[in-house]
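In: Everything below, folded, please.
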Amino acid sequence: EELKLRDEFIKLGQAMKAAGIVSSGIDAKIYSGGQVTVNGEVETRRGKKLYDGDAFEFEGEEFKVVK
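Out: Sure, this is the predicted structure:
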């Protein structure tokens with residue numbers, strides 16, 4: 001699934017919310033405890049900036065950030 005960027009980047013927590021994985025930033029904080037990967041590596045910071053071409057995965061579902 002693709003997520004369209006409106007700005008130069010989107011933070012991981014915002015991307016998770018936009019993808020419908022979580023309903024709030026609090027949920028994103030809970031799920032960023034090692035269950036999310038960004039570009040194949042475990043990411044624990046919900047504030048991680050994602051740019052065009054980055055991808056994140058949660059529970060086997062992958063999302064790609066595109067301009």
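In: Burial check on the closest residue in space to K29 that isn't next to it in sequence, number of neighbours?
Out: Excluding its sequence neighbours, the residue lying closest to K29 (CB to CB, 6 or more residues apart in numbering) is R46, at 5.5 Å. Quick note: C-beta positions are derived from backbone N, CA and C, even for glycine. The burial metric for R46, expressed as a neighbour count using other CB atoms under 10 Å, is 23.
In: Let me see the contact set for E59.
Out: Taking CB atoms under 8 Å, 6 or more residues apart in numbering as the criterion, E59 is in contact with Q35.
In: Just read off the phi/psi values of it.
Out: Dihedral angles phi and psi of E59 (degrees, to the nearest 10) take the values phi 50, psi 40.
In: Pull the number of nearby residues for E57.
Out: Counted with other CB under 10 Å, the burial measure for E57 works out to 16 neighbours.
In: measure the residue nearest to K29 to A19 for me?
Out: To A19, R46 is 13 Å away according to CB to CB, to the nearest Å.
In: and D27, that's in a helix?
Out: Yes - assigned with DSSP: H, G, I helix; E, B strand; the rest coil, D27 falls within a helix.
In: No further questions, thank you.
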